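[1] What follows is a predicted structure for the sequence shown.
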Amino acid sequence: MVEKVLEVPEVSCNHCINAIEGAVGALGGVESVKVNLDRKDVTVNYNDEALQLANIVAAIEGEGYGVGPAANQVHQIGEKPSQ
Ligand SMILES: [Cu+2]
C-alpha cells in the first residue's frame, strides 16, 4: 500500500471533489481517496501491485480535471512539492 499526493489545481467545489473521489474510488486497488480543496490536491492510498499511478491520473483526467504542472510531480506525504 502506498500513499501519493497529486495536485489537481482545477478543483473548486464539492462537485469537483465528488467527481474525483468517485472516479478514483471506483478503481480496483484504491483503499482511500481524499480531495483537499484548500490545497487543491488529492491523497490516494492504493495497492501499487494492483494499480498504477497512471491509472489514477487517467481517472482524474477522465473527469475533466488536469493533473497540473507542479502536479506531475508526485510527492510523498509530508514532503513539500518541489517548486
Ligand atoms: Cu467544482
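    Structure received. Just so we're clear, the structure is a prediction, and the values are computed from it rather than from any experiment. Residues are numbered from 1 along each chain as shown.
[2] mind listing what's buried in the helix or strand bottoming out on mean pLDDT in the chain?
    Within the chain, no helix or strand scores below strand 2-7, which has a mean of 92 by mean pLDDT, DSSP states H and E. Buried positions in strand 2-7, judged by neighbour count with 16 or more other CB atoms under 10 Å: Lys4, Val5, Leu6, Glu7. In short, each C-beta sits where N, CA and C put it, glycine included.
[3] Name the nearest of those residues relative to the ion.
    Using CB to the ion, Glu7 comes nearest to the ion of those, at 15.7 Å.
[4] gap between the closest one and Val35?
    11 Å (CB to CB, to the nearest Å).
[5] Show me the common contact partners of those two, please.
    Here Glu7 and Val35 have Asp41 as joint contacts, going by CB atoms under 8 Å, 6 or more residues apart in numbering.
[6] circling back: tell me the two of the buried residues of strand 2-7 that are most distant?
    Lys4 and Glu7 (10.8 Å; CB to CB).
[7] Grab the nearest non-local neighbour of Val24.
    Val33 (4.3 Å; CB to CB, 6 or more residues apart in numbering).
[8] does the one you found really touch Ala26, like I thought?
    No: counting by CB atoms under 8 Å, Val33 stays clear of Ala26, with 9.5 Å between them.
[9] ok, back up a step: so after the least confident helix or strand of the chain, what's the next helix or strand?
    Next helix or strand after strand 2-7 toward the C-terminus (DSSP states H and E): helix 14-25.
[10] So which of Val33 and Ala26 has more stuff around it?
    Shown here are Val33 and Ala26; by other CB atoms under 10 Å, Val33 has more neighbours (22 against 10).
[11] How about residues contacting stretch 53-62?
    4, 6, 8, 20, 23-24, 26-27, 30, 42, 44, 46, 67, 74.
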